[in-house]
Each structure stands twice: as C-alpha cells, then as structure tokens.
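Novice: Kindly return the folded structure for what I paste below:
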Amino acid sequence: MRGPDVPAKALDARALAALAANPGCRRRAILDGAGVDKAALASALGAPSGFGQSQFALTRGNAFEARVKADGGAELLRLVHARLDPGAEPPAGAAVPDLSAHGPEGRTARTALALREAVAAGGGRLLDHPMLALDVAGSLAFLEPDAVVVHPDGSWTVVEIKSFPMLDGSADPAKVGAAARQAAVYVLALEEVAARLGAEPETETPRRHSTQEGVPVPRVRHRVLLVCPKDFSNLATASAVDVRKQRAVTARQLARLTRVEEIADALPEGVCFAPDRPAEELTAAVGAVPATYAPECLSACELAFHCRERSRAADAVTRLGRPLRAELGGLTTVEEVLAAARGDSGDPDDPAVAALRRAATLRAEALATAGRAVAPCP
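Specialist: From the prediction side, this is the model:
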C-alpha cells in the first residue's frame, strides 16, 4: 500500500496521541497503520507540511537529554526523588540495564525482561529509551519513551524530557498538554507490559506482601515526570504531571478506532500511496479514504494542508471547527447552513435550523436598526 520499495514509517507516541484526538479520521488511521510517510506524501500532493520540529530544536533537545542522563542518570534520579518520592531515602544510584537487541520486537522483549528483573530485585532501575508495544486498531505500534524509572516499591514512572523551558516553575500550557497526552500513551503501553508480567508464572521466591500466585502486577504511576530546562539555562528542573485524564481519554479514543483491515477492505483494488506515483493518482488514492478535517489538525498532522484544501473545495463545515460542526447537526456544508438560515431549506423543527433562523432574524433587525441610527457619510 505504501509502495514495494518504501520502508515503513514507525508510529510514535506523538502520532498516536494525534490519532486518538481525531478517532473518526480513517485517512490518518490507514496511512499510519500502513507505515506511510505522510510528510513525503503531502509534498508529492503539492501541499507540503509545516508540521514537525526544526533540526535546531531536535539537536538542542538531544543535547539537553544527554546532559540530564549523564553520570548514570544521577541528575534525573535526583529530580525523581525530589518531585515523586520526597519522603523516601535519597537514591545512591540506579542500575541502567542494557536494552539493545535486534529489531523493535527484540528490544520490546528485552525491555519487558529488564522490567521483570527490576521488580524482582526491588526496584532501583533506570531504563534509558526502553521499547514498548501497543496494539492500535489491529496494528502494532512500537513506542520509545525517554526513560522509565522503577522505584524501590516496584512501581514504574514514565519520564518525558523536553527542550522547552520552565519559566519560574511553569511552562507553556499547550506544550505541557501535548507532553501529557504523549506520556499517557506510554502509560497505556506500560500497563499492558505490567499486565503480562502479572500473568506469568512465578519462577522465583515470591516477593513480600504478594497475595497472587503469579508475579505481582507492578503499579504504573499516573503521575509522570516532565523534565525541562530551567528558565533560559541548560540546568534541569522537573514537575510531576498527573495524566489520569489524558490516559482515560486516549484509551477510550483508541478503542473507538476502526480496525485498519476494515478500512483497507473498503478501498479500491490496487490503491497505493507511494510518493513517486503521479500527483493525480496520489490525489485519487488519498481521496478514496474519508477524512475528518478540523483546524486542530494543522498542529498534529502532515496532511493537514491537503485536507484543508479538500474541505474548502467541498464547502464542508468541519473546517470551521469541531464544536460548530457538532452544533449544526445534519447540516454538513456552508451552503446548507446559509440556506437553512434564509428559510430556503431545512426542517423548522430541527433545533439547529431554528437557531440559525433566529440568529438570521436578529442579525437583520440589528442591521436595520443600525442603518436608521447612523447618518450616511457625506
């Protein structure tokens, strides 16, 4: 579907969070499930994406992350203790297991083994860039959080390291919200690992306070640690972010996604999204998959510019925003909305139609009043 010689683009937590925020978009679901590079596809369609991080931001972020994790993660562990476990003993250090393996499946298995060993050893581990797997609409997504900390009590915490600053203890709410949604995806994936570990048979001496016959199910904390530069320096500071709401919303939205196989079965035979195909063929292929465009897509999807153009051409009301679209009910185009407001069409008993006609009447009265009150220009 993406082309015979085109490598698959792996899903990450950022893409999953965006997909969960717009679960009705089958276009994004099939393209992400097939591993299509949407940025390359958007360029081939003539609507290159303005979405993504600059090379400077990526370089700065990598340098800051390396600084935070230096010396065996000493600074990171200090922040974990200060923000999440202030009543516990200060950490003297933590083991950093080697998670290298062949391919994402191998790294996922190695991460699960490292987590199991950490729980059996009583915590005190720092997993640097572990690999997690999450089933999304029938397609397996491999996710790589910045770090996962295993606490002395055996619980797990996701660590997100970002390059945007915290000024006087607070950061940009929009960026913090995006980081929280991304971390919520990691929490869901970690919970699946924890559930699998709890289903494994016990092979060692049972841990204290364990009342289960298998390995005790580790607790995945719903407060993640967000690490950012302090003010305008390269010094690290951190804040605990509660992601229970984002986790619940993401889990519910991911469960609503239509399975990729069902979407693919409805596509015409031979549909291909390879970027080297002619623009006309690509336009027809992309148009064969229904999209649910909204202005929020501009900051989350590489195909947003293309979908916006198509939404404008179709005169769809979705381009005006989801809240307005929800208020308009069965009116799907701007022309239908205007016709209903004028009284040319629409069911008078429909609340949306009645509200539009009332608004049109009030507007006409306001304009008439203003026309009588304002003297004409000389």
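
Novice: ok, residues contacting the helix or strand of the chain with the lowest mean pLDDT?
Specialist: Between all helices and strands in the chain, the lowest mean by mean pLDDT, DSSP states H and E belongs to helix 260-265, at a mean of 78. Contacts of helix 260-265 with the rest of the structure, by C-beta atoms under 8 Å, 6 or more residues apart in numbering, involve M1, R26, A29, I30, G33, A34, A137, G138, S139, V289. Using the backbone N, CA and C atoms, a C-beta is placed for each residue, glycine as well.

Novice: Flag every buried residue along that helix.
Specialist: Using 16 or more other C-beta atoms under 10 Å as the burial criterion, the residues of helix 260-265 that qualify are V260, I263.

Novice: For the stretch 1-150 of the chain, just list every one of the strands.
Specialist: Applying DSSP state E, counting those that start in this stretch to the stretch 1-150 of the chain gives strands spanning 125-128, 132-136, 139-143, 147-150.

Novice: okay, and for the stretch 201-350 of the chain, where does confidence drop off?
Specialist: Applying pLDDT under 70 to the predicted model, the residue ranges of the stretch 201-350 of the chain that meet it are 201-216, 258.

Novice: for it, what spans make up the strands?
Specialist: Taking DSSP E, counting those that start in this stretch as the criterion, the stretch 201-350 of the chain contains strands spanning 223-229, 236-242.

Novice: Direction included, what does the last one pair up with?
Specialist: Sheet pairing for strand 236-242, assigned by DSSP bridges, gives strand 223-229 (antiparallel).

Novice: centre of the chain versus stretch 227-239, how much separation?
Specialist: For stretch 227-239, the separation from the chain centroid amounts to 23 Å (computed by C-alpha atoms, centre = their mean, to the nearest Å).

Novice: what sits up against that stretch?
Specialist: For stretch 227-239, the surrounding residues in contact (C-beta under 8 Å, 6+ apart) are 63-64, 67-68, 75-76, 79-80, 82-83, 159-169, 171, 225-226.

Novice: Just the buried ones from the residues you listed?
Specialist: Using 16+ other C-beta under 10 Å, the buried ones in these are 64, 67-68, 75-76, 79-80, 83, 159-166, 171, 225-226.

Novice: what's the neighbour count on G287?
Specialist: Counted with other C-beta atoms under 10 Å, the burial measure for G287 works out to 12 neighbours.

Novice: wait, what's in contact with it?
Specialist: If a contact means C-beta under 8 Å, 6+ apart, then G287 has R310 as its contacts.

Novice: Next: R312.
Specialist: Listed by C-beta under 8 Å, 6+ apart, the contact set of R312 reads R319.

Novice: can you rerun that using 10 Å?
Specialist: With contacts defined as C-beta atoms under 10 Å, 6 or more residues apart in numbering, R312 is in contact with Y293, R319, V334.

Novice: same thing with S345?
Specialist: Going by C-beta under 10 Å, 6+ apart, S345 touches L331, E335, E336, L338, A339, V353.

Novice: Distance to S311 and neighbour count for these - can I get that in JSON lines?
Specialist: Formatted as JSON lines, the entries for the contacts of S345 read as follows, by distance: C-beta to C-beta, whole Å; neighbours: other C-beta atoms under 10 Å:
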{"residue": "L331", "distance to S311": "15", "neighbour count": "22"}
{"residue": "E335", "distance to S311": "14", "neighbour count": "12"}
{"residue": "E336", "distance to S311": "15", "neighbour count": "18"}
{"residue": "L338", "distance to S311": "17", "neighbour count": "14"}
{"residue": "A339", "distance to S311": "19", "neighbour count": "16"}
{"residue": "V353", "distance to S311": "22", "neighbour count": "23"}
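
Novice: Would you tell me which one of the strands of the stretch 201-350 of the chain is buried the most?
Specialist: Across the strands of the stretch 201-350 of the chain, averaging neighbours per residue (mean count of other C-beta atoms under 10 Å) puts strand 223-229 on top, at a mean of 23.

Novice: can you dump the C-alpha coordinates of that strand into PDB?
Specialist: Output of strand 223-229 as PDB, limited to C-alpha atoms (Å, rounded to 0.1, in the frame of the first residue of the first chain):
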ATOM      1  CA  ARG A 223       2.000  10.900  37.600                       C
ATOM      2  CA  VAL A 224       4.700  11.300  35.100                       C
ATOM      3  CA  LEU A 225       7.900  13.400  35.400                       C
ATOM      4  CA  LEU A 226       8.300  16.200  32.900                       C
ATOM      5  CA  VAL A 227      11.900  17.400  32.800                       C
ATOM      6  CA  CYS A 228      12.700  20.700  31.100                       C
ATOM      7  CA  PRO A 229      15.400  23.400  31.100                       C
END
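
Novice: Helices of the stretch 51-200 of the chain, residue ranges please.
Specialist: For the stretch 51-200 of the chain, the helices identified by DSSP state H, counting those that start in this stretch occupy 55-68, 70-84, 103-121, 173-199, in order along the chain.

Novice: buried sites along the first one?
Specialist: Neighbour-count burial for helix 55-68, counted by 16+ other C-beta under 10 Å, picks out R60, G61, F64, E65, R67, V68.

Novice: got it, and the longest one?
Specialist: Neighbour-count burial for helix 173-199, counted by 16+ other C-beta under 10 Å, picks out 176, 178-191, 193-194, 197.

Novice: pLDDT at G73, what is it?
Specialist: pLDDT recorded at G73 is 88.

Novice: returning to what we had before: among the contacts of helix 260-265, who's most crowded?
Specialist: If you rank those by neighbour count (other C-beta under 10 Å), I30 sits at the top with 27 neighbours.

Novice: how near is that one to L41?
Specialist: With distances taken as C-beta to C-beta, to the nearest Å, I30 is found 12 Å from L41.

Novice: so V353 sits in a helix?
Specialist: Yes - under DSSP: H, G, I helix; E, B strand; the rest coil, V353 falls within a helix.
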